[in-house]
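**Q** Fold the following.
(one chain, ligands or ions: 1)
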Amino acid sequence: MDRLVITGGKRLSGSVKVSPAKNAVLPVITATLLAKTPCLLEEVPALADVETICSVIEYLGAEVVKEGPGLKIYVPDIRQTEAPYDFVRRMRASFLVMGPLLARTGRARIALPGGCAIGSRPIDLHLKGFCLLGAEIIQGHGYIEARARKLIGSRIYLDFPSVGATENLIMAASLARGKTVIENAAEEPEVVDLANFLNAMGASVKGAGTKVIRIEGVSELYGAIYNVIPDRIEAGTFMIAAAISGGEVTVENVICDHIAPVLAKLQEAGVNVVRGDTWAKVVAPEKVKPADIKTMPYPGFPTDMQPQFMALMSVSRGGASVITETVFENRFMHVNELKRMGAKIKVSGRTAIVQGVKQLTGARVKCTDLRAGAALVLAGLAARGETEISNLQHIDRGYESLVDKIKSLGADIKRARGA
Ligand code: EPZ
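**A** Model prediction:
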């Protein structure tokens, strides 16, 4: 198994370009199942998750062809309406094919996505919405089967502003008969990006980015040319890399409004952030100050930045930080690994109290999930000595060319090919 080997203590400097957003491109790729003519996504990130979702839609009947940094996707007809367990267990987001399959064919049989390290990840809100749109749902043998002669528009209230449920239901409603209203919808930028792509395909989706989304079903959707938004979580990760290493880094291809809570918390921690139209320059102080965060659905502090921010708070000076995780029930898997590097963290339920230490020390640690892995890389940049990180499959899922990008900023990092 490959390992990352980082020798800490180097101040990062220079500039780094953020890739297209993983959590925007995945639902956009599933949405291509809705169009009978070709789509062109002009630039997609080279990620394991993108490869997985492409394998899923190819299995269902899509033709996927690389076009430079992008993908041409053509789905003249759906050959298969079942997404087997092997795909779904590799990546839960495969469940996002249910909405498009139901909308286009009236049938879908998807393996139940299991939980993962950060939580049980239920899909009850997806299923409740599909039922309200007129689908019959049958559960059994580890699969969810949905059938509907024709989806009929409905009013759907989401008990929690679930990103995936909002995305799945927008896609299903786009070809339903009549009007659908989704209330208490997720407001994430990735939801807006999906709505913009669907509208480019001929859909009628209004209000994305607010709590109430209105979809007027249409009879057919057509291929479109599209570019997804930059990855706000990758951008935030690099900003923290600058802050934790005492460096000065310009992060390019950023939509600062998408990451406002992180910029605000970095400022509160004493990190100087200059915001440009499509960039942000981060200048670290000698020592960061403690700051409290509470993760919330957008526009709150993003849960996907909580592990990375905890790594930064592990080396703050002058007090303790209170980190509350309200979105997932088990998203502190990185705590024990950070403690192996000398971090002082106490967890009680969904709250972690982080007492800053003068310096972390390098150690052998392992990734438990994608963002936990990113947090360990950040901690390794600041630690004295050598940090060795294993289970890199988690990082490969969500960060394009992470080692090259961080090395280009002056870090002493290499990927050791494993036995
Ligand atoms: C998306 O996951 C992202 N993944 C996650 O990013 C992100 O952490 C999450 O949204 C929250 O922002 C992709 O976009 C591919 P949710 P998703 O449905 O859609 C509960 C990363 O690191 N819930 O908004 O699965 C659920 O248990 C990943 O890039 C239900 O109760 O998230 C959780 O507590 C990690 N019932 C909360 O909602 C449901 O039917 C948020 O889940 C669905 C969700």
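
**Q** now the strands: where do they sit in the stretch 301-419 of the chain?
**A** 320-325, 344-348, 351-355, 364-366, 386-390, 412-416 (DSSP state E, counting those that start in this stretch).

**Q** looking at it, Arg147 is touching Glu136, isn't it?
**A** Yes - with contact defined as C-beta atoms under 8 Å, Arg147 reaches Glu136; the gap is 4.9 Å. Every residue, glycine included, has its C-beta placed from N, CA and C.

**Q** Compare the two and say which is more crowded by neighbours.
**A** Arg147 (16 against 11; other C-beta atoms under 10 Å).

**Q** contacting residues for the more buried one?
**A** Arg147 makes contact with Gly106, Arg107, Ala135, Glu136, Ile138 under the criterion C-beta atoms under 8 Å, 6 or more residues apart in numbering.

**Q** 6 Å instead, please
**A** Listed by C-beta atoms under 6 Å, 6 or more residues apart in numbering, the contact partners of Arg147 are Arg107, Glu136.

**Q** measure it to Gly61 for me?
**A** 18 Å (C-beta to C-beta, to the nearest Å).

**Q** now swap in Ser390 and tell me
**A** Applying C-beta to C-beta, the value for Ser390 to Gly61 is 38 Å.

**Q** Gly129 now?
**A** Following C-beta to C-beta, the distance that separates Gly129 from Gly61 is 24 Å.

**Q** Compare the two (neighbour count), which wins?
**A** Gly129 (25 against 16).

**Q** Tell me the secondary structure at the residue in the stretch 51-200 of the chain that the ligand sits nearest to.
**A** At 2.8 Å from the ligand, Gly164 is the closest residue in the stretch 51-200 of the chain, using C-beta to the nearest ligand atom. When classified by DSSP: H, G, I helix; E, B strand; the rest coil, Gly164 comes out as helix.

**Q** and it, how many residues sit next to it?
**A** 23.

**Q** next one: the one 10 residues further on
**A** Taking other C-beta under 10 Å as the neighbour definition, Ser174 ends up with a count of 29.

**Q** thought Asn184 was touching Asp159?
**A** No - the pair Asn184 / Asp159 is not scored as a contact, 7.4 Å apart, by C-beta atoms under 6 Å.

**Q** Next, the buried residues of the helix or strand bottoming out on mean pLDDT in the chain.
**A** None of the helices or strands of the chain scores lower by mean pLDDT, DSSP states H and E than helix 85-90, at a mean of 85. By neighbour count with 16 or more other C-beta atoms under 10 Å, helix 85-90 contains the buried residues Tyr85, Phe87, Val88, Arg90.

**Q** Tell me, how many residues neighbour the closest residue in space to Ile406 that isn't next to it in sequence?
**A** Nearest residue to Ile406, sequence neighbours excluded (C-beta to C-beta, 6 or more residues apart in numbering): Ile413, at 5.4 Å. By other C-beta under 10 Å, 23 other residues sit near Ile413.

**Q** do Asp49 as well
**A** For Asp49, using other C-beta under 10 Å, the count is 22.

**Q** how close does it sit to the ligand?
**A** Look at Asp49 and the ligand: by C-beta to the nearest ligand atom, to the nearest Å, they are 7 Å apart.

**Q** Would you confirm that that residue belongs to a strand?
**A** No - per three-state DSSP, Asp49 lies outside any strand segment and is helix.

**Q** Show the model's pLDDT score for it.
**A** Looking at Asp49, its pLDDT reads 94.

**Q** Next, count neighbours for the nearest residue to it once chain neighbours are set aside.
**A** In space, and not counting its chain neighbours, Asp49 is closest to Arg397: 4.8 Å by C-beta to C-beta, 6+ apart. When counting by other C-beta under 10 Å, one arrives at 20 neighbours for Arg397.

**Q** residues making contact with the helix or strand following the least confident helix or strand of the chain?
**A** Later in the chain than helix 85-90, the nearest helix or strand by DSSP states H and E is helix 98-105. With C-beta under 6 Å, 6+ apart as the test, helix 98-105 has contacts from 30, 33-34, 78, 81, 108, 110, 135, 146, 148, 168, 171-172, 175.

**Q** just stretch 385-395 next, same as before
**A** 1-7, 361-362, 364-367, 369-370, 373, 376, 380.

**Q** Show me what counts as buried in it.
**A** Thr387, Glu388, Ile389, Ser390, Asn391, Leu392, His394, Ile395.

**Q** for the residues you listed, which one is nearest the ligand?
**A** For the buried residues of stretch 385-395, the nearest to the ligand is His394 (9.4 Å; C-beta to the nearest ligand atom).

**Q** Skip the chain neighbours and tell me the closest residue to that closest one.
**A** According to C-beta to C-beta, 6+ apart, the nearest residue to His394 is Cys367 (4.2 Å).

**Q** Count the residues that sit near that neighbour.
**A** Neighbourhood size, Cys367 [other C-beta under 10 Å]: 26.
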